[in-house]
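Undergrad: After the sequence you'll find the predicted model.
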Amino acid sequence: MRDFRGIPDRGFDGRGNFTLGIKEHTIFPELEADRVDNPKGMNITIVTSAQSDKEGKHLLEQLGMPFRK
């Protein structure tokens, strides 16, 4: 991913959960992009046991989430 600079961290909900939106599902390498007639977007929510956004972000960073610096 040539121009990837990380995921923005503004998707936290105040309780440590994180949501991000994807415009096209064709970013996943398992899908054959030439066989997709109508690309679809999606929202992905990661629900954590963290009590705050700070704790949630730290947890996701430790799991390898590439937040934008």
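TA: Great, that's in hand.
Undergrad: what residues are up against the most centrally placed residue in the chain?
TA: Central residue of the chain (C-alpha atoms, centre = their mean): Leu20, 4.6 Å from the mean position. Counting by C-beta atoms under 8 Å, 6 or more residues apart in numbering, Leu20 touches 7-8, 11, 43-44. (C-beta placed from N, C-alpha, C; glycine too.)
Undergrad: just the buried members of those?
TA: The neighbour-count test (16 or more other C-beta atoms under 10 Å) marks Gly11 as buried among the contacts of Leu20.
Undergrad: from the contacts of Leu20, which single one is nearest Pro29?
TA: Lowest distance from Pro29 to the contacts of Leu20 (C-beta to C-beta) belongs to Ile44, with 16.4 Å.
Undergrad: Quick check: the closest one vs Arg35, distance?
TA: Distance of Ile44 to Arg35, given as C-beta to C-beta, to the nearest Å: 22 Å.
Undergrad: Please name the nearest non-neighbouring residue to Gly41.
TA: Distances taken as C-beta to C-beta, 6 or more residues apart in numbering put Lys23 closest to Gly41, at 5.0 Å, once the chain neighbours are dropped.
Undergrad: Show me where this protein has its strands.
TA: 18-22, 42-46 (DSSP state E).
Undergrad: Could you check the angle the first one makes with strand 42-46?
TA: Put simply, strand 18-22 runs at 160 degrees to strand 42-46, going by axes from the mean of the first three to the mean of the last three C-alpha atoms, to 10 degrees.
Undergrad: For strand 18-22, buried residues please.
TA: Judged by neighbour count (16+ other C-beta under 10 Å), strand 18-22 contains these buried residues: Phe18.
Undergrad: Same question for stretch 40-51.
TA: Residues of stretch 40-51 classed as buried: 46, 48, 50 (neighbour count, 16+ other C-beta under 10 Å).
Undergrad: you'd agree the second one is up against Thr19?
TA: No: judged on C-beta atoms under 8 Å, Thr48 makes no contact with Thr19 at a distance of 11.6 Å.
Undergrad: related to what we said a few turns ago, any chance of the strands of the chain in JSON lines, with mean pLDDT too?
TA: Listed next are those as JSON lines, based on pLDDT from 0 to 100:
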{"stretch": "strand 18-22", "mean pLDDT": "94"}
{"stretch": "strand 42-46", "mean pLDDT": "95"}
